[in-house]
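>>> Give the three-dimensional model of this entry:
(one chain, ligands or ions: 1)
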Amino acid sequence: MSHALSHIPASSKPAYSKPVVSVRGLVRNFGNGNVLDGLSLDLEPGSFTALLGRSGCGKSTLLRTLAKLDPAPEGSVQLPEERAVVFQEPRLVPWMRVLRNVTLGLRHPDAEARGLAALAEVGLSHRARAWPLTLSGGEAQRAALARALVREPRLLLLDEPFAALDALTRMRMQGLVETLWRAHAPAVLLVTHDVDEALLLADRAVVMANGRIAADIPIPLARPRRHGDPGFIALRSRLLAELGVDEEHLSTREPQRTDARGADAPATEARAAGVKPGGYGLPAGAAAAPSL
Ligand SMILES: Nc1ncnc2c1ncn2[C@@H]1O[C@H](COP(=O)(O)OP(=O)(O)OP(=O)(O)O)[C@@H](O)[C@H]1O
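Below is the predicted model:
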């Protein structure tokens, strides 16, 4: 695939470029108040943006709007034609082999060669002829990523793509996404509940609340990023504050068993606030940041 995709490193992009995504005044109402309420957002070419916010605040609704999977909302939406989405579930067609899934709908004379190149990039060449149901969860998400990449997207929409994976696979997938982003430089919008994931991967975090972008926070950290770095820790505190999470309360109290399933007291309170304690993928000794 490298023959066809741009290889502009994110760092060498021009400082001023036209946004690849520009939405203004989006309003979406499912009959119970505005989920999107005049939301505006620009994404620069090659940028990596994390989209955070409490459960039910409208993150997936915004992403589906950008993927054009929902009917057009009120407001203006400018998007590139070359878009791809990866969801929490891989959504592979079970009766088609992996390679066929990757190239499905691709109108290109060398679609198969491109599909194979994309599978090689995600480390899945050896599973090209496999049936989706024989893949592990991580392999299936790699196939979903290959299916997105082969379309050479200028906009890559990721809706909690690692949420269903175990901690180790999740870490590997985060590394893979960063590598692919650096190699191909699409604009990425990553919906995540995991503050650490946002800080590991993104250069900007936008926080949604009340149907709008409530906070827009640059993440100017050098890569590779480490959980224990002072800049990382400071930004984590800032993001948690924007999200209304009481960091002290979550990280300093000893777990107390309070119910038959073994939930601890801070976790129970966090869930009541729409927050799940997280911290997977952390090196030993690093403080766990909650996932939303
Ligand atoms: N098709 C729909 N019909 C009716 N209500 C919907 C529909 N899609 C979303 N909603 C409602 O809109 C609100 C926002 O949902 P959305 O899935 O965008 O939130 P979210 O921030 O992605 O949540 P989570 O983090 O829990 O995935 C919720 O109250 C949801 O019930």
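>>> Would you mind listing what in the chain touches the ligand?
Residues of the chain lying close to the ligand by C-beta under 6 Å from any ligand atom are Phe30, Val35, Gly53, Ser55, Gly56, Cys57, Gly58, Lys59, Ser60, Thr61. Just so you know, the C-beta spots here come from the backbone N, C-alpha and C atoms, and that holds for glycine as well.
>>> In TSV: these, plus neighbour count, secondary structure and pLDDT.
As requested, those are exported to TSV (neighbours: other C-beta atoms under 10 Å; DSSP: H, G, I helix; E, B strand; the rest coil; pLDDT from 0 to 100):
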residue	neighbour count	secondary structure	pLDDT
Phe30	9	coil	90
Val35	22	strand	95
Gly53	23	coil	96
Ser55	12	coil	93
Gly56	10	coil	92
Cys57	23	coil	94
Gly58	25	coil	95
Lys59	24	helix	96
Ser60	19	helix	94
Thr61	20	helix	95
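>>> Helix, strand, or coil at Ala50?
Three-state call for Ala50 (DSSP: H, G, I helix; E, B strand; the rest coil): strand.
>>> residues in contact with Arg64?
Residues in contact with Arg64 (C-beta atoms under 8 Å, 6 or more residues apart in numbering) are Asp70.
>>> Could you say which helix or strand holds it?
helix 59-66 (DSSP states H and E).
>>> From the ligand, how far out is Leu180?
Separation of Leu180 from the ligand (C-beta to the nearest ligand atom, to the nearest Å) stands at 24 Å.
>>> Could you report the neighbour count for that residue?
If you count neighbours by other C-beta atoms under 10 Å, Leu180 ends up with 21.
>>> Out of the residues of the chain next to the ligand, flag the one nearest to Pro109.
Set against Pro109, the nearest of the residues of the chain next to the ligand by C-beta to C-beta is Ser60 (35.7 Å).
>>> Show me what the closest residue in space to that closest one that isn't next to it in sequence bridges to in the sheet.
Using C-beta to C-beta, 6 or more residues apart in numbering and skipping the chain neighbours, the partner closest in space to Ser60 is Asp159 (5.9 Å). Beta-bridge partners for Asp159, by DSSP bridges, are Val191.
>>> dump the residue contacts of Asp159.
With contacts defined as C-beta under 8 Å, 6+ apart, the neighbours of Asp159 are Lys59, Ser60, Leu63, Val85, Val86, Phe87, Gln88, Val191.
>>> what does the helix or strand in which the fourth one is found contact?
Right, the one you point to is Val85. If you go by DSSP H and E, Val85 is part of strand 83-86. Residues outside strand 83-86 that contact it (C-beta under 8 Å, 6+ apart) are 63, 66-69, 141, 144-145, 147-149, 151, 153-159, 161, 186.
>>> Point to the helix or strand of the protein where mean pLDDT is at its lowest.
Of all helical and strand segments in the chain, the minimum by mean pLDDT, DSSP states H and E falls on helix 265-272, at a mean of 37.
>>> Could you identify the helix or strand that succeeds the helix holding Arg64?
Downstream of helix 59-66, the first helix or strand assigned by DSSP H and E is strand 74-78.
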